[in-house]
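Engineer: what's the 3D shape of this:
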Amino acid sequence: MTNDERYGRDERYGQDGQDEQDGRDERDALAARFERQRGQLKAVAYRMLGSLAEADDAVQETWLRLSRHGAGQVDNLDGWLTTVTARVCLDMLRRRKTRREEPLDTHVPDPVVSALDAVDPEHEALLADAVGLALLVVLDTLAPAERLAFVLHDMFAVPFDDIAPIVDRSPAAARQLASRARRRVRGAGTTPDPDLARQREVVEAFMAAARGGDFEALVALLHPDAVLRADVGAGPVGHSREVIGAATIASQAITFSASASEADLVLVNGTVGLLGLRGGEPSAVMAFTVRDGRITSIQILGDPERIEAMDWTAVR
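Structural biologist: Numbers count the residues shown, from 1 in each chain. Here you go, the predicted structure:
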């Protein structure tokens, strides 16, 4: 999308053109201020929605509201934009909850994939606080208002006084929403070890054990209560599922590796993961959460439609 398309610019001028030129200058200045906040707003929306496409939609809706409203009566434009983006995302989450017919379906949020040796600059801004897929899965289980309160306060330091009107609660009630969400997140153990070199060792050992059919080595690499989630969409490639327990996951890994194509090490949401390739083209993404040298969760996205729609320039 060009900037002219994004911001709705019109090249036509009236007889003297001055009023239109002034309006254009004002609109350009507003667009420039918005563009400086686009990365931050997308980061908020991605954490709220777990979908890169929906995050872009939410940010674009925020721009449309700003262009209609203008910035003349806004004292704190950055805060106003964050608030509007959060409201848009909250509405989207509520609509999603209403229309989801199979709430127990195994769903893996959109991964952000980069080359192992360098995070793409746009991805780096999007993942400034290392929001992994395992965390996004937990956020998906929260009520929309809980998710908003947690994301805005714990990830972006928005005061509860500002969060309260968005969720139609008092500041004290908004604080309780965030507290409940925080307990759920902490209990899920979604924070990985920060050492990427150690993560790589574990993931490479997992790959080698799976390819070698070494069941005992796989079990040793997995936490006893590890969870594997596989989202393959609604097509004919298999069925989405959740598998719990080291032994069961080890068996699945051996079976999968017997027919698996090539896999490359990549960064998935800032942690070491795998990109499955078929005929040289991406076919699946595997994200690992490694804690204390063991794998606590594996998230697999193998939905062909979603894989095809992803932007792979950061790993090519």
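
Engineer: Relative to residue 222, how far out is the nearest residue to residue 185 once chain neighbours are set aside?
Structural biologist: Excluding the flanking residues, the one nearest residue 185 by C-beta to C-beta, 6 or more residues apart in numbering is residue 138, at 5.5 Å. Just so you know, the C-beta spots here come from the backbone N, C-alpha and C atoms, and that holds for glycine as well. Applying C-beta to C-beta, to the nearest Å, the value for residue 138 to residue 222 is 19 Å.

Engineer: before we move on, which element is the residue nearest to residue 185 in?
Structural biologist: Assessed by DSSP states H and E, residue 138 sits inside helix 133-140.

Engineer: again with residue 37
Structural biologist: Under the criterion of DSSP H and E, residue 37 resides in helix 18-49.

Engineer: Distance from the chain centre to the helix or strand just after that helix, please.
Structural biologist: Of the helices and strands lying after helix 18-49 in sequence (DSSP H and E), the nearest is helix 52-69. Centroid separation for helix 52-69 versus its chain: 17 Å, with C-alpha atoms, centre = their mean, to the nearest Å.

Engineer: can you pull out the strands in the stretch 51-200 of the chain?
Structural biologist: With DSSP state E, counting those that start in this stretch as the definition, the stretch 51-200 of the chain shows strands at residue ranges 113-115.

Engineer: Give me the residue ranges of it where confidence is low.
Structural biologist: For the stretch 51-200 of the chain, the stretches with pLDDT under 70 are 71, 98-105, 119-125, 127-130.

Engineer: again, only this time at 80
Structural biologist: Flagging of the stretch 51-200 of the chain using pLDDT under 80 yields the residue ranges 69-74, 97-105, 118-130.

Engineer: count of residues packed around residue 170?
Structural biologist: 13 (other C-beta atoms under 10 Å).

Engineer: and the nearest residue to it once chain neighbours are set aside, what is it in contact with?
Structural biologist: Closest residue to residue 170 apart from its sequence neighbours, by C-beta to C-beta, 6+ apart: residue 164 at 5.8 Å. By C-beta atoms under 8 Å, 6 or more residues apart in numbering, the contact list for residue 164 reads 170, 171, 173, 174.

Engineer: Likewise for residue 62?
Structural biologist: Residue 62 is in contact with 41, 81, 84, 85, 88, counting by C-beta under 8 Å, 6+ apart.

Engineer: Quick one: residues contacting residue 239.
Structural biologist: Going by C-beta under 8 Å, 6+ apart, residue 239 touches residue 232.

Engineer: Start the count at 584 instead of 1 going forward.
Structural biologist: All right, first residue 584 from here; so that's residue 822.

Engineer: and it, helix, strand or coil?
Structural biologist: Look at residue 822: counting by DSSP: H, G, I helix; E, B strand; the rest coil, its state is coil.

Engineer: do you know how far it is from residue 611?
Structural biologist: 51 Å.

Engineer: Same question for residue 798.
Structural biologist: Distance, residue 798 to residue 611, using C-beta to C-beta: 63 Å.

Engineer: do residue 668 as well
Structural biologist: For residue 668, the distance to residue 611 equals 22 Å [C-beta to C-beta].
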